[in-house]
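# Dropping the sequence and predicted coords here.
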Amino acid sequence: MPLFDRYIAVDWSAANSPKRGKDSIWIGEFGPEGRVPSVNPPTRQAAMEAITARLLGARRRGERLMLGFDFVFGYPRGAAAAIAATGLSLPLAGERDHPDSSVREEYPPPCPSPARGTTRGRPEGEEIKTPAPEWASPSPMRGGDRGGGTFPAPAPQPGDQPPWLQLWSTLARLVADAPDNRSNRFQLAEAINQRLADGPHFWGHPHQHSYAALQPKRPTEAYAKIPERRVAERYVRGAQPVWKLTGVGSVGSQAMLGIARLAALRSDPRLAADIAVWPFETGFADDLGKPIIVTEIYPSLFPVTAADGLPRDRAQVEVTTTRFAELDRTGLLATFLSAPAGLTADERAILIAEEGWIAGAGHDALLAQLSEAA
C-alpha cells in the first residue's frame, strides 16, 4: 500500500523581487488524478499561500501528502545552537530597519540600472556602501497579516527545543520577508557573523553592496568549530554549503528564507497537528504516520531533459513528483526516505537532531535503478 496519495515538489527561490520563469519558484504536483499543472507564483508569499491551500484541500479529501522543498532544512553540527544564541541578542523583526529595498536581484547580480533601484543618482558601477547595522530587522509572522509588511509567523523561543527547532524558531523571529520578496537576508547574515564566536561563516552578497562582517568570497579562516558542510553534502555531488548566500549553486539565501517560511507553515493551527518534518520528527522512515511529511529534496538527483522552451526548474519538479509516485507504487519510497547504511550511530543522531538530510542521498543503487527505468 502506498505511503502517500499526493506528492508536491517546490523549486524555491530567494529572489528579492517578484519573478517568474527561469530561476524562480515552481510547484509541481502528482496526485491520484495524475500530473497537476505546475504553477509559477512570483513571490514566496504567493507560493506559500498556494501550497497551504493545496495542503488543506488534500486533508479535506482525506489524502496523505509528501511535500518537498529544494533547500537545506538544517545547518552543520553546532550551528543551530550558536545561531540561536546570537538571536537572543538581536531585536525581534520589525524593531529596526525594514527589508532591504535596494537589493533587487541575486541571480545574476543586479545590473547598474535605475529600473533595478540599485544605482539611481550614482555613476555607473559605483559601489553602494551599506553600513554595518547593529541589526537590520525582520518581523515575526503576525497571524492574518496578508497585506503589507513582512509575512506573519508565530515563533516560539529557543529553550528546551532540539537544535533544529532552535534554528527554525530563531530564523522565524529574525527573518524579514515582505510580500514583494524584499528580504533582510544579507543584513541578518552579517549580524549573525558578527556574533559567532567561531568567526564569520556566511559569505556572498550583491556586488554593488559592502558589509563590514559579510564578505563576497568564502572566508579563508573559518569553520574550525562549526563545519562548513553537513554530512549530507558528502553524499551528494554538487550540493553547496549553506553558508554560501549568492552565486551559482548557492543555497544559503534560499535556506534562510525557506526555513522561516516552513516554521510558519508548521505552526499554522489549521495544519500543525498533521505535519511532521523529515527526518527530524520522523526518525528518517521510522515514523511516517503524520498525513503531511515535509522533506528536503535535491531535484538534481533525478536526470532531467527539459522540454523545448520550458524552464529546467519546472521540468525538475515535474520529474521529481513523478519519481516519488513511482517509488511509492513499487514500495520503495520508505527506503528512499530511510537513513543510508553507511552512517555511524553518532552521525544518524546528529542528522535527526540538527543537520537534516536530503531525501534519497546515500541510496545510489536505488537512484541508479530509477535512472535506468527512466
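The structure has been received and is ready for your questions.
# From now on I want contacts and neighbour counts done on CA atoms only, so please keep to that.
Fine.
# Doesn't Ser38 lie inside a strand?
Yes - secondary structure assignment places Ser38 in a strand (DSSP: H, G, I helix; E, B strand; the rest coil).
# Glu296 versus that one, what's the distance?
19 Å (C-alpha to C-alpha, to the nearest Å).
# Please say which of those two ends up with more neighbours.
Glu296 (23 against 18; other C-alpha atoms under 10 Å).
# That one and Gly74 touch, don't they?
No - applying C-alpha atoms under 8 Å as the test, Glu296 and Gly74 come out as separate, 9.5 Å apart.
# any common contacting residues for those two?
Common contacts of Glu296 and Gly74 (C-alpha atoms under 8 Å, 6 or more residues apart in numbering): Gly356.
# Now do the contacts for the closest residue to Phe71 other than its chain neighbours.
Spatial nearest neighbour of Phe71, excluding adjacent residues (C-alpha to C-alpha, 6 or more residues apart in numbering): Ala255 at 5.2 Å. Applying C-alpha under 8 Å, 6+ apart to Ala255 gives the contacts Phe71, Val72, Phe73, Val242.
# Can you get me a residue count around the closest residue to Arg59 other than its chain neighbours?
Once flanking residues are discounted, Arg59 sits nearest to Pro291: 7.9 Å by C-alpha to C-alpha, 6+ apart. When neighbours are counted by other C-alpha under 10 Å, Pro291 registers 22.
# if I pick Pro291, what's in contact with it?
Contacts of Pro291 by C-alpha under 8 Å, 6+ apart are Arg59, Glu63, Arg64, Leu65, Asp274, Ile275.
# now do 10 Å
Going by C-alpha atoms under 10 Å, 6 or more residues apart in numbering, Pro291 touches 3-5, 55, 58-59, 62-66, 271, 273-276.
# same question, Asp274
Leu55, Arg59, Arg64, Arg266, Gly289, Lys290, Pro291, Ile292, Ile293.
# where does it land on pLDDT?
On the pLDDT scale, Asp274 is placed at 98.
# The one 4 residues further on now?
For Trp278, the model assigns a pLDDT of 98.
# now Leu3
98.
# again with the one 4 residues further on
Listed pLDDT for Tyr7 reads 98.
# Would you agree it is in contact with Glu33?
No - the pair Tyr7 / Glu33 is not scored as a contact, 11.6 Å apart, by C-alpha atoms under 10 Å.
# Pick out whichever of those two has more residues nearby.
Neighbours were counted for Tyr7 and for Glu33 using other C-alpha under 10 Å; Tyr7 has more, 24 against 8.
# In space, what's closest to the more buried one - neighbours in sequence excluded?
Distances taken as C-alpha to C-alpha, 6+ apart put Met66 closest to Tyr7, at 4.9 Å, once the chain neighbours are dropped.
# Tell me the confidence at that neighbour?
In this model, Met66 carries a pLDDT of 98.
# Show me how far whatever helix or strand it lives in is from its chain's centre.
Element membership of Met66, judged by DSSP states H and E, is strand 65-69. Centroid separation between strand 65-69 and its chain, computed with C-alpha atoms, centre = their mean, to the nearest Å, is 13 Å.
# CA-only coordinates of that strand in PDB, if you can.
The C-alpha coordinates for strand 65-69 follow below in PDB (Å, rounded to 0.1, in the frame of the first residue of the first chain):
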ATOM      1  CA  LEU A  65       0.800  14.000   1.200                       C
ATOM      2  CA  MET A  66       4.600  14.200   0.700                       C
ATOM      3  CA  LEU A  67       5.800  17.800   0.400                       C
ATOM      4  CA  GLY A  68       9.400  18.500  -0.700                       C
ATOM      5  CA  PHE A  69      11.400  21.800  -0.800                       C
END
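# name the helices or strands packed onto it?
Taking 3 or more C-alpha pairs under 10 Å, 6 or more residues apart in numbering; DSSP states H and E as contact, the helices and strands that strand 65-69 lies on are strand 6-11, strand 26-31, helix 44-60, helix 252-266, strand 275-277, strand 292-296, helix 312-329.
# Met66: neighbour count?
23.
# same question but for Asn16, I mixed them up
Asn16 has 25 neighbours, counted by other C-alpha under 10 Å.
# swap in Ala191?
By other C-alpha under 10 Å, the residues close to Ala191 number 24.
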